[in-house]
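Asker: just coords:
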Ligand code: ADP
Ligand code: MG
């Protein structure tokens, strides 16, 4: 059985290039970058809550880092460093080898250095902190949406939740749709390049993790504005468009969560620039609504006829016992 220190040396110690000092001392040392602020964010994945026991460790290593990088993307920050706090029921080297493979593959793709962490025995729990860099005036905050702005969405929402619905036997997807949805669920790709491209262009941004309506509500609350969403304009993937259960499709689209797309607001004068970013990055960016005066944080959804819609499920809240969608990775017990 390897010791804690064997594990750290074997699996988590890699040479650093950007950091002044990486794993192995009491602290890591990172140099400050003139003209930039450090963007710092932590996300925790708990077994039984965010993932099921027995989940593929490579996918878990990827996803745990991906959801953190998504927060940097939503801030317009360039990824730099990560720390990893890991609780494991036992020193399972096969699990560690797979986990670190998934983690470092994504870290290398985005130029992130692992500079420290903590390793302890306990119920499986993965907590990652990421550090990025952004000029403070260009950070994409939640509180900058202005009345009259457009609301935009990258890619489309709902696929991860639809894949989960299949796993929970609420729907039966075709093989192709299932493969697509499970890739979205297990291996999300953070929108880092988009976040960087939106600096100075988006007035506010958020990554969609709890559900589209819930996360737009967070922009509304922080910005002191209301948002109006045009349901017919919310884009659907082919998998979701093929879903015959419209109630489920709506749930997935508006409240499924685990999407890691970016929702953002921008002045209507910026439409051509947003379109240019979409073309540049080869991404779909869709205008799905607008910012209005009204109760801060209120998100109203309108159908194609302009009628207000009642939305059954609005997103995931870890302490809301009624919530059954979103990040809950297993059927409620
Ligand atoms: P301390 O007792 O000072 O907390 P530790 O013995 O926990 O130090 O860790 C030794 C070194 O290994 C530290 O530099 C720490 O940041 C690093 N480390 C521990 N666990 C991890 C991990 N899971 N990933 C990356 N670095 C780690
Ligand atoms: Mg420690």
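Answerer: Structure's in. What do you need? Bear in mind the structure is a predicted one, so any value in this text is a computation, not a measurement. Ligands and ions are numbered 1, 2, ... in the order given.
Asker: What is the neighbour count of the residue lying closest to residue 24 once chain neighbours are set aside?
Answerer: Leaving aside its sequence neighbours, residue 24 sits nearest to residue 13 (CB to CB, 6 or more residues apart in numbering; 6.4 Å). To be clear about C-beta, it is placed using only N, CA and C from the backbone, and glycine gets the same treatment. For residue 13, the number of neighbouring residues by other CB atoms under 10 Å comes to 13.
Asker: again, but for residue 95
Answerer: 18.
Asker: where do the strands sit along this protein?
Answerer: 37-46, 78-88, 113-121, 125-134, 150-154, 204-207, 226-230, 262-266, 285-292, 299-302 (DSSP state E).
Asker: any idea of the mean pLDDT in the last one?
Answerer: When you say that, I think you mean strand 299-302. The average pLDDT for strand 299-302 rounds to 96.
Asker: With adjacent residues omitted, what lies nearest to residue 278?
Answerer: residue 285 is the one closest to residue 278 (CB to CB, 6+ apart), at 4.1 Å.
Asker: and residue 91, how far is that from residue 2?
Answerer: Relative to residue 2, residue 91 is positioned 5 Å away (CB to CB, to the nearest Å).
Asker: Who are the contact partners of residue 68?
Answerer: 41, 42, 43, 82, 128, 129, 130 (CB atoms under 8 Å, 6 or more residues apart in numbering).
Asker: per-residue pLDDT, the closest residue to it other than its chain neighbours?
Answerer: Here the nearest residue to residue 68 in space, its sequence neighbours aside, is residue 130; by CB to CB, 6+ apart that works out to 4.3 Å. Reported pLDDT at residue 130 in the predicted model: 98.
Asker: quick one: residue 265 from residue 150, how far?
Answerer: Taking CB to CB, one finds residue 265 at 7 Å from residue 150.
Asker: so what sits against both of those two?
Answerer: Joint contacts of residue 265 and residue 150 (CB under 8 Å, 6+ apart) are residue 291.
Asker: near ligand 1, which residues of the stretch 101-250 of the chain show up?
Answerer: Contact residues, the stretch 101-250 of the chain versus ligand 1 (CB under 6 Å from any ligand atom): 114, 116, 117, 118, 119.
Asker: Show me just the buried residues among the residues you listed.
Answerer: Listed as buried from those are 114, 116, 117, 119; burial here means 16 or more other CB atoms under 10 Å.
Asker: Now tabulate those residues in TSV and tack on pLDDT.
Answerer: Formatted as TSV, those follow (pLDDT from 0 to 100):
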residue	pLDDT
114	98
116	98
117	98
119	96
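Asker: quick one on the thing from earlier: isn't the residue nearest to residue 24 right up against residue 22?
Answerer: Yes: if you go by CB atoms under 8 Å, residue 13 and residue 22 touch, sitting 7.4 Å apart.
Asker: ok, back up a step: let me have the residues of the stretch 101-250 of the chain next to ligand 1 in a markdown table, adding distance to residue 180 as columns.
Answerer: A markdown table is the format used below for those (distance: CB to CB, whole Å):
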| residue | distance to residue 180 |
| --- | --- |
| 114 | 30 |
| 116 | 36 |
| 117 | 33 |
| 118 | 36 |
| 119 | 35 |
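Asker: Going by distance to residue 272, which of those wins?
Answerer: residue 114 (40.1 Å; CB to CB).
Asker: That closest one and residue 23: what is the separation?
Answerer: As for residue 114, its distance to residue 23 is 7 Å (criterion: CB to CB).
Asker: what's the answer for residue 176, then?
Answerer: Applying CB to CB to residue 176 and residue 23 gives a distance of 42 Å.
Asker: Settle it for me: which of those two has more neighbours?
Answerer: residue 23 (20 against 11).
Asker: Return the per-residue confidence for the more buried one.
Answerer: Taking residue 23 on its own, its pLDDT is 97.
Asker: which residues touch it?
Answerer: 8, 12, 13, 14, 114, 115, 116, 117.
Asker: Mind listing the residues bridging to it?
Answerer: residue 25 (DSSP bridges).
Asker: one step back: nearest to residue 196 among the strands of the chain would be which one?
Answerer: Per CB to CB, nearest to residue 196 of those: strand 78-88, 6.3 Å.
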